[in-house]
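Trainee: next come a sequence and a model predicted from it.
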Amino acid sequence: MSQRNVILMAAGLTVTLAGCGMSQSATPATSSSQTMAKTSPAPSKTVQVAELQTNKTAQMVKAGQQATFVVTATGSGGQPAVGEPVTVYIGPMVALGAGVSQWYTTGAANTSRYVSSYSKKTNSMGQATIVLVGQPAKTMEMVGIKVGSFSTFSSSAMKRAGLMDAWWTTPSTSPTAPVGDYVVVKPFAKDVPAGTAQPLLISVMSPSGPVSGASVSVTPKTGGSSSMGSSSSMSSTGGTTMITNSHGQVSYQAKAGAAMSALPIRIVVSKGMGRIAGGMNADVVSK
């Protein structure tokens, strides 16, 4: 992101659960979908996007079914960023495979293979909804997003930064987690003052409630943007392993770097042989 310093938090999570590309203009969201962001008029006063939150940052999806993400964009004061243009980036891959080899962008060719619909602008609540086409088991797609001038993906370098991920599976597929398990990382992407600590809250959930006792490994990285499967040269700067509490949560303090510096952080969540999330990334942006 220009004029901003990025600290990335890559999250590839594993748990008795499991969890992630695009080209050409996808069909806009329909009003019949309850979660789909509706078209909103341009706001009277532009709100510069300073934070993005997700309803799910990584999710396990039944093979063949659609995957839905809702992203909420707000300004520094928490006000919704209304009517902001939205661009989505998709990186398809084989789950637990070599990583993303090709990225697709809404507005380019072949997007319809991966994206059923997406909000071209945020609605009155600052929300944008992305609906991915159902895929076969063991398929994963990484999802980056740009709302207004705030982007979690470098389109010029085609590198990942903040990414959601969808992972298609079946009850008999191993070592993925059950269908419906998901992870939420808060914030997904946020502007913070350089050199400050930003709390990162990681919640591991199942359809029946929080997943307690999950092992969450958080490892800061240096060397630029990355996620699971990235070919970028990265080195670890130390890691922390935590266990989710009765609410399925752990908290990590991410230290923002100086201006124009980046710190990716990879997160892996596991419990037994189950695994959720293939390359989820959070994105903390230092001002």
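Mentor: Good, I have the coordinates.

Trainee: against Val71, how distant is the residue most central in space within the chain?
Mentor: What sits nearest the mean C-alpha location of the chain, by CA atoms, centre = their mean, is Met164, with 2.1 Å. In this structure, Met164 and Val71 are 8 Å apart, going by CB to CB, to the nearest Å. Backbone N, C-alpha and C define where each C-beta goes, glycine included.

Trainee: what do these two both touch?
Mentor: Common contacts of Met164 and Val71, defined by CB atoms under 8 Å, 6 or more residues apart in numbering, comprise Thr54, Ile145, Phe188.

Trainee: least confident pick among those?
Mentor: In terms of pLDDT, the weakest of the shared contacts of Met164 and Val71 is Phe188, which scores 92.

Trainee: surely it is in contact with Leu52?
Mentor: Yes - between Phe188 and Leu52 there is a contact under CB atoms under 8 Å: 4.9 Å.

Trainee: what touches both of those two?
Mentor: Here Phe188 and Leu52 share the contacting residues Val71, Thr152, Gly162, Asp283, scored by CB under 8 Å, 6+ apart.

Trainee: OK, contacts around the closest residue to the residue nearest to the centre of the chain other than its chain neighbours?
Mentor: In space, and not counting its chain neighbours, Met164 is closest to Val143: 4.3 Å by CB to CB, 6 or more residues apart in numbering. Neighbour list for Val143: 20-21, 69, 88-91, 130, 132, 163-166 [criterion: CB under 8 Å, 6+ apart].

Trainee: going by distance to Ser217, which of these wins?
Mentor: Closest approach between the contacts of Val143 and Ser217, by CB to CB: Asp165, at 16.6 Å.

Trainee: and for the helix or strand hosting the closest one, what's in contact with it?
Mentor: Using DSSP states H and E, Asp165 maps to strand 164-169. Residues from elsewhere that reach strand 164-169 (CB under 8 Å, 6+ apart): 18-20, 54, 56-65, 67, 69, 95, 132, 134-145, 176-177, 179, 188, 276-280.

Trainee: quick one: mean pLDDT for it?
Mentor: Mean pLDDT, computed over strand 164-169, is 93.

Trainee: sheet partners, orientation included, of that strand?
Mentor: Strand 164-169 has these partner strands in its sheet, going by DSSP bridges: strand 58-62 (parallel), strand 139-147 (antiparallel).

Trainee: adjacent strands (with direction) for the next helix or strand along the chain from the last one?
Mentor: Along the chain past strand 139-147, the next helix or strand (assigned with DSSP H and E) turns out to be strand 150-151. For strand 150-151, sheet partners with direction are given as strand 139-147 (antiparallel), following DSSP bridges.

Trainee: good, wrapping up.
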